[in-house]
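[1] mind folding the following:
(chains A, B, C, D, E and F, ligands or ions: 6)
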Number of protein chains: 6
Amino acid sequence: MKLQLSTWPEVEAYLERSQGIVIPIGSTEQHGPTGLIGTDAICPETIAGGMSEAGILVAPTISYGMAQHHLGFPGSVSLRPTTLLAVIGDVVRSLACQGFRKFYFLNGHGGNIATVQAAFSELWAEDSLAARASAVDLRLANWFMGPRVVELSRELYADAEGQHATPSEISLTWHAYPEQVRRLPLAPERAPTGRIQDARSFRRQFPDGRCGSEPARAELEHGHRLYEAALTDALDDYRRFLEMSVG
Amino acid sequence: MKLQLSTWPEVEAYLERSQGIVIPIGSTEQHGPTGLIGTDAICPETIAGGMSEAGILVAPTISYGMAQHHLGFPGSVSLRPTTLLAVIGDVVRSLACQGFRKFYFLNGHGGNIATVQAAFSELWAEDSLAARASAVDLRLANWFMGPRVVELSRELYADAEGQHATPSEISLTWHAYPEQVRRLPLAPERAPTGRIQDARSFRRQFPDGRCGSEPARAELEHGHRLYEAALTDALDDYRRFLEMSVG
Amino acid sequence: MKLQLSTWPEVEAYLERSQGIVIPIGSTEQHGPTGLIGTDAICPETIAGGMSEAGILVAPTISYGMAQHHLGFPGSVSLRPTTLLAVIGDVVRSLACQGFRKFYFLNGHGGNIATVQAAFSELWAEDSLAARASAVDLRLANWFMGPRVVELSRELYADAEGQHATPSEISLTWHAYPEQVRRLPLAPERAPTGRIQDARSFRRQFPDGRCGSEPARAELEHGHRLYEAALTDALDDYRRFLEMSVG
Amino acid sequence: MKLQLSTWPEVEAYLERSQGIVIPIGSTEQHGPTGLIGTDAICPETIAGGMSEAGILVAPTISYGMAQHHLGFPGSVSLRPTTLLAVIGDVVRSLACQGFRKFYFLNGHGGNIATVQAAFSELWAEDSLAARASAVDLRLANWFMGPRVVELSRELYADAEGQHATPSEISLTWHAYPEQVRRLPLAPERAPTGRIQDARSFRRQFPDGRCGSEPARAELEHGHRLYEAALTDALDDYRRFLEMSVG
Amino acid sequence: MKLQLSTWPEVEAYLERSQGIVIPIGSTEQHGPTGLIGTDAICPETIAGGMSEAGILVAPTISYGMAQHHLGFPGSVSLRPTTLLAVIGDVVRSLACQGFRKFYFLNGHGGNIATVQAAFSELWAEDSLAARASAVDLRLANWFMGPRVVELSRELYADAEGQHATPSEISLTWHAYPEQVRRLPLAPERAPTGRIQDARSFRRQFPDGRCGSEPARAELEHGHRLYEAALTDALDDYRRFLEMSVG
Amino acid sequence: MKLQLSTWPEVEAYLERSQGIVIPIGSTEQHGPTGLIGTDAICPETIAGGMSEAGILVAPTISYGMAQHHLGFPGSVSLRPTTLLAVIGDVVRSLACQGFRKFYFLNGHGGNIATVQAAFSELWAEDSLAARASAVDLRLANWFMGPRVVELSRELYADAEGQHATPSEISLTWHAYPEQVRRLPLAPERAPTGRIQDARSFRRQFPDGRCGSEPARAELEHGHRLYEAALTDALDDYRRFLEMSVG
Ligand code: NI
Ligand code: NI
Ligand code: NI
Ligand code: NI
Ligand code: NI
Ligand code: NI
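    Numbers count the residues shown, from 1 in each chain, chains lettered A, B, ... in the order given. Ligands and ions are numbered 1, 2, ... in the order given. From the prediction side, this is the model:
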């Protein structure tokens, strides 16, 4: 069940049986010479698509994330952390005032993690400072850290997975958009590793945008398997989350 | 050319020939008993899809807008104006630092207009207060106000178009998602009109969410025609915009 | 009844019979070679002066507005949209906590419109996100768009009215300050038209500050007639506003 | 020379001979049973009127100040400190980008002092954190603390001056608006003294709004004398300020 | 009783007998060629140490204050006023939600005064705008302005006390850290006086960082006496504060 | 070398040989029935004390952190994430404008991690959005995650270490304040584990404040060993950090 493709009476009926919602969150940022700029949004959106077929309500993807270090590559967009924090706060407050209680952020971008967690704390701090119980439970799940995904990724790529523009995420975007397969010679085969600071230093350290990865090892067939693994991870994790008490 | 489905070297090449980009902006809000919650995002995203086929770069849709008055209906989400203003600012600043100069926000939601215009002023004010020329040109285009769309909508629905959950936008979403056609008896046939204040008063004045409209008059075939009209309007308007000088 | 010239017990008594208040809002910005920098504040303040004589409570004028595009001309002042939004919010919250319910912003500056509307949404969003009814009703009325004013302006100036530093507003300031009549040769007679972006581009497009107008056609006698038209428009509109239900 | 009653070419010419400007800042707040709500704005505006006759440029009055403790009395309005701080910042930045260098805030309200000083520090901090010299010099002058005013006030009222709704300020408003003289029996003759906290405690401690004062001792003739004293104080102080080096 | 060296059950027990807490607030800024950068934090922290021995709960020192004008000297740190205002707000809200009612900020830095007072107003404004009584009482006490300290300082140094890097504060830091006595030839003996603007102008006016003072007159033995005076002043003042009613 | 106990000429000289600085950051929050409220500040401050003896410049501790979940226990204080983010930003900007380039935040509190990382991104985003190289390098080091500390903690406590109010941190505070050893019977011996949400849910899940730990196993002698391990970890890590290129 996709929120965008539902009507309000359908959501009203859904709320009778569940107070949970999935919110995919990604980023719009370079993913190396062959990876799609939308990779980090496409991955959680695709997995959440599978969740929605299982009857779980899925909100529109937050496509812009915290990606300041990628701004040196054309097409990358970043919200400042304080902006993203405000976005997450408003999305949660909006749905909470209608009775949603369980917010499951399915994330596709490592660079979002700190800010999303800070956003959760900002929301809870409002309640904590007012000495009242919070009405919302918030969970950040990174699809690329689910147990089945991690295992499969290790099996497929081992160290070649790397940190950014990984063969796993590239493969998964191909599963979602098979017509978007791009293959280019990449040199060096294995991208360098380094540290993340500002955009200027990032581009100097990682000249083609990849970090420690060999995206050339991506395969469409891997994408299918990764999708299944990620969906199972997410459904499992979401169900456990629903069973936990709120606030 | 969709930003999400491009790579950074492709965007780098695009920037050589154009500094313009289209950013669809919508809302996630109730659209009456039969209209999709994603209507205001789906419409500009669909039209922008046509623009992307004409070689224009299209960024991911900003799916969450300013919709505080709809919050009384489950599934509606609103950013506060100050949050949306920050989002627009960061998206523009990000792309501007890479050389984009012409930002065309294709909007699907009347409730966004004031805030988007305020966001433009906030961006320009930074430059004006620093006594420097702005590097960016910003335009807000509402697809539902294009000349061909307005003419066709009048022809098809006249007064039955109304203000919210209109047959035009419903028809256009059906063009995008033909499997999402919903038909329900709506009483009264013509929704009431009123004033927009907070969410509580909105739901009291507009009990099923429609404002002044007869969405039951929507037709899939109308959607096809509206799409053509809207795309032609948008392409025309965008091209004129590109020809205007920046800053 | 002017708030500045009242005492608190007088306001307390007023609140017994009315919960409405008029707040003039203008701008401090260039109005061409002959127009006063205070034009946009003087006009609504003058009209509101007439309303106050009819027993309506009138608050002090918000003299600084959103005028970033005028900053290239000495003497122009602009609040950033986010600042003006905060000002409007605090003024409303202050008076609302004492029982005022109907806030009528009488505006003299087109550049304020988007921000004032965003400010209203920000206020209502607080209530909507908290799932409570708002206690306040907010209206933005632009004196220059009232029906009698528009009709008279067309009759007097037709196209020569233009968009900024218009003969209507100049005439009205002369009604308020007859000793401030300035006449200078203006070339071209009719100011150019263009687009509003940042201050630098504004001054380049509109070298003497006027936009599309012929302020040389202003007359003191026109000012008297415009004042009468604007006051009648405002009284009418305010009374209708008072009759509408709050929240 | 009043900014509101000037044109931009006149301001441009003024800037050739002076980079100084006077900005009256007041408050909209109760002043006891007989004092005008606009007292704190009227006083500096009136004195600044005298300065303008001496050829000094005077900007429109900032009529809304920091008056949270008065909100328990109808008609009082307060900006939050952070809002007022933003207003002052934008006014200064606007005029600074045109070449103004000397900003003289003529203040009528003790409650503004801390926030205005914090606003100055916020402005200077921008420059200091950027390791560049500030282009602006900022001064807060409280008319009621000028040497001639203090001496005259002591002579006229001694301890009966009190802290709020003082006979000095009441007298000065009568000088400005002789038709606004109000006389009512006040009991006790001398208002109580106390501490300033929130609005609720303020109204409990100061039931009629006065603090430590005997405004019944105000006289129109005192107002004339206080005006002369305050104007001389302000002109003296402003001229000394102009002579000091900027930044 | 120091908060940092207490457990929560001990604080719970303390709250049974007192709702007051002391919060030292200082700054990290240059204090001339011989004064410690931590002077303004060390002084109130030391005095508060004495208060804690009298059974009063003392919170950790806020070591970073508003010191933008000192940023030209290495090692100086400044929070912007809006940041410090937020810090004070959160510290108060945190403890207020647990039952603390009396917040005594013991301050060591003149540059903090305006911002701390603005922060108090911001906190109270929240309650005043919500038309509810505030639960907190807030007091800013500057150790260097206590009656015994002022008297002793005058006796010891008269005019040589100056405004910044004073012999009083230097002596008091020696009382706290006797091993930190530094003596250097200072020329001129008496530092210049001037005005505070941005950091650049500060360093130009006050080349070695001192303002109007002769810190060479500091003595360890003076520090002991000043400590006794300051502690007695603070204990007296705190006890009076506790006796005043809240809100 | 401690910043608080240095003079500005000494810092100026230090900057000639190093552009690095250590900033301890902690929290003021409950640590179970026997742990000190200052534990998370005391630990990094103590370790940084050792670093300062090695000639490294150490700034004053940021004693208040992000601890919203602890607010249900008296004496706990939390900054909201957005406040802490602003504090970190200002501290870095202040020192950067004087030439510091390497900022080493030595952290004692897990709850700070996300916000500190978001603060780093906010700082870098300023540079990245302006398309300029950042002048600062920023590192967050958690003392409790250093390799020697982790190894020793496992050896000493294995699973009894837990997540909050751990025997490691308790032991280390005893090393710092041997007179503060507190021993109380704790039941259950091993604290429960759970999830972190708002303060209300935290106190319900963790009734005495401990999470998964057995602080009763803390020993003063362990504290000495942990201090040595932590100091060696920090010195090693800091030196590696200094060798990395900035920006
Ligand atoms: Ni990725
Ligand atoms: Ni719509
Ligand atoms: Ni105008
Ligand atoms: Ni007053
Ligand atoms: Ni000092
Ligand atoms: Ni801890």
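
[2] quick check: residue A:10 vs residue A:91, distance?
    Separation of residue A:10 from residue A:91 (CB to CB, to the nearest Å) stands at 19 Å. C-beta here means a position set from N, CA and C on the backbone, and glycine is covered the same way.

[3] show me which of those two is the more surrounded one.
    residue A:91 (25 against 19; other CB atoms under 10 Å in any protein chain shown).

[4] please name the nearest non-neighbouring residue to the more buried one.
    Nearest residue to residue A:91, sequence neighbours excluded (CB to CB, 6 or more residues apart in numbering or on different chains): residue B:77, at 5.6 Å.

[5] what count of nearby residues applies to the one you found?
    Neighbours around residue B:77, by other CB under 10 Å: 25.

[6] over to residue A:244?
    12.

[7] so it sits right up against residue F:195, yeah?
    Yes: the pair residue A:244 and residue F:195 passes the contact test of CB atoms under 8 Å, sitting 6.7 Å apart.

[8] in the sheet, who's paired with the residue nearest to residue A:91?
    Counting by DSSP bridges, residue B:77 forms beta bridges with residue B:28.

[9] again, but for residue A:107
    residue A:25, residue A:142.

[10] I figured it hits residue A:139, correct?
    No: with contact defined as CB under 8 Å, residue A:107 does not reach residue A:139; the gap is 10.2 Å.

[11] identify each buried residue in the lengthiest helix in chain A, please.
    For chain A, the longest helix by residue count, based on DSSP state H, is helix A:220-243. The neighbour-count check on helix A:220-243 (16 or more other CB atoms under 10 Å in any protein chain shown) flags A:222-223, A:225-234, A:237-238, A:241-242 as buried.

[12] nearest to chain B among those residues?
    residue A:223 (15.0 Å; CB to the nearest CB).

[13] my guess is the closest one contacts residue A:167, does it?
    No: counting by CB under 8 Å, residue A:223 stays clear of residue A:167, with 9.7 Å between them.

[14] name the residues of stretch A:66-74 that come out as buried.
    A:66, A:67, A:68, A:69, A:70, A:71, A:72, A:73, A:74.

[15] nearest residue to the fourth one in space, please, no chain neighbours.
    Sequence neighbours aside, residue A:202 is the residue nearest to residue A:69 in space, at 4.3 Å (criterion: CB to CB, 6+ apart).

[16] check contacts around that neighbour.
    A:69, A:70, A:72, A:196 (CB atoms under 8 Å, 6 or more residues apart in numbering or on different chains).

[17] which residues in chain A form helices?
    A:8-17, A:39-53, A:81-96, A:113-129, A:147-157, A:167-176, A:199-205, A:220-243.

[18] need those helices in a markdown table (columns: mean pLDDT).
    As requested, those are exported to a markdown table (pLDDT from 0 to 100):
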| stretch | mean pLDDT |
| --- | --- |
| helix A:8-17 | 98 |
| helix A:39-53 | 98 |
| helix A:81-96 | 98 |
| helix A:113-129 | 98 |
| helix A:147-157 | 98 |
| helix A:167-176 | 98 |
| helix A:199-205 | 97 |
| helix A:220-243 | 98 |
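
[19] okay, these in JSON lines with distance to residue F:181 next?
    Formatted as JSON lines, the helices of chain A follow (distance: least, CB to CB, whole Å):
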{"stretch": "helix A:8-17", "distance to residue F:181": "53"}
{"stretch": "helix A:39-53", "distance to residue F:181": "49"}
{"stretch": "helix A:81-96", "distance to residue F:181": "41"}
{"stretch": "helix A:113-129", "distance to residue F:181": "31"}
{"stretch": "helix A:147-157", "distance to residue F:181": "42"}
{"stretch": "helix A:167-176", "distance to residue F:181": "50"}
{"stretch": "helix A:199-205", "distance to residue F:181": "46"}
{"stretch": "helix A:220-243", "distance to residue F:181": "41"}
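
[20] follow-up on the earlier one: more neighbours, residue A:107 and residue A:139?
    Using other CB under 10 Å as the criterion, residue A:107 and residue A:139 rank with residue A:107 on top: 25 against 20.

[21] residues contacting that one?
    Taking CB under 8 Å, 6+ apart, we find residue A:107 in contact with A:24, A:25, A:26, A:44, A:113, A:116, A:140, A:141, A:142, A:143.

[22] pretty sure residue A:18 sits against residue A:242.
    Yes: between residue A:18 and residue A:242 there is a contact under CB under 8 Å: 7.4 Å.

[23] what pLDDT does residue A:38 get?
    You'll see residue A:38 listed with a pLDDT of 98.

[24] what's the answer for residue A:247, then?
    Looking at residue A:247, the pLDDT reads 63.

[25] ok, residue A:30 next?
    pLDDT, residue A:30: 98.

[26] how near is it to ligand 6?
    Using CB to the ion, to the nearest Å, residue A:30 is found at 39 Å from ligand 6.

[27] just give the number of residues close to that residue.
    Residue A:30 has 32 nearby residues by other CB under 10 Å.

[28] do the one 5 residues further on as well
    Neighbourhood size, residue A:35 [other CB under 10 Å]: 27.

[29] which ones are touching it?
    A:165, A:169, A:170, A:173, A:209, A:210, A:215, B:7.

[30] of these, closest to residue C:148?
    residue B:7 (59.5 Å; CB to CB).

[31] hang on, isn't that closest one packed against residue A:38?
    No: contact between residue B:7 and residue A:38 fails when scored by CB under 8 Å: they sit 10.3 Å apart.

[32] and those two? Which one has more around it.
    The neighbour count for residue B:7 versus residue A:38, taken as other CB under 10 Å, is higher for residue A:38 (29 against 25).

[33] enumerate every residue touching that one.
    A:26, A:28, A:63, A:173, B:2, B:3, B:4, B:5, B:60.

[34] report the closest residue of chain A relative to chain D.
    residue A:82 (15.2 Å).

[35] next, the contact list for that residue, please.
    B:86, F:82, F:85, F:122.

[36] now it: how far from residue A:119?
    Taking CB to CB, one finds residue A:82 at 10 Å from residue A:119.

[37] my guess is residue A:141 contacts residue A:112. True?
    No: counting by CB under 8 Å, residue A:141 does not reach residue A:112; the two are 11.7 Å apart.

[38] between those two, who's got more neighbours?
    The neighbour comparison of residue A:141 against residue A:112 (other CB under 10 Å) goes to residue A:112, with 26 against 18.

[39] how about the residue in chain A positioned nearest to chain C: what's its closest non-neighbour residue?
    Using CB to the nearest CB, the single residue of chain A nearest to chain C is residue A:97, 4.3 Å away. Of all residues not flanking residue A:97 in the chain, residue C:131 sits nearest, at 4.3 Å (CB to CB, 6+ apart).
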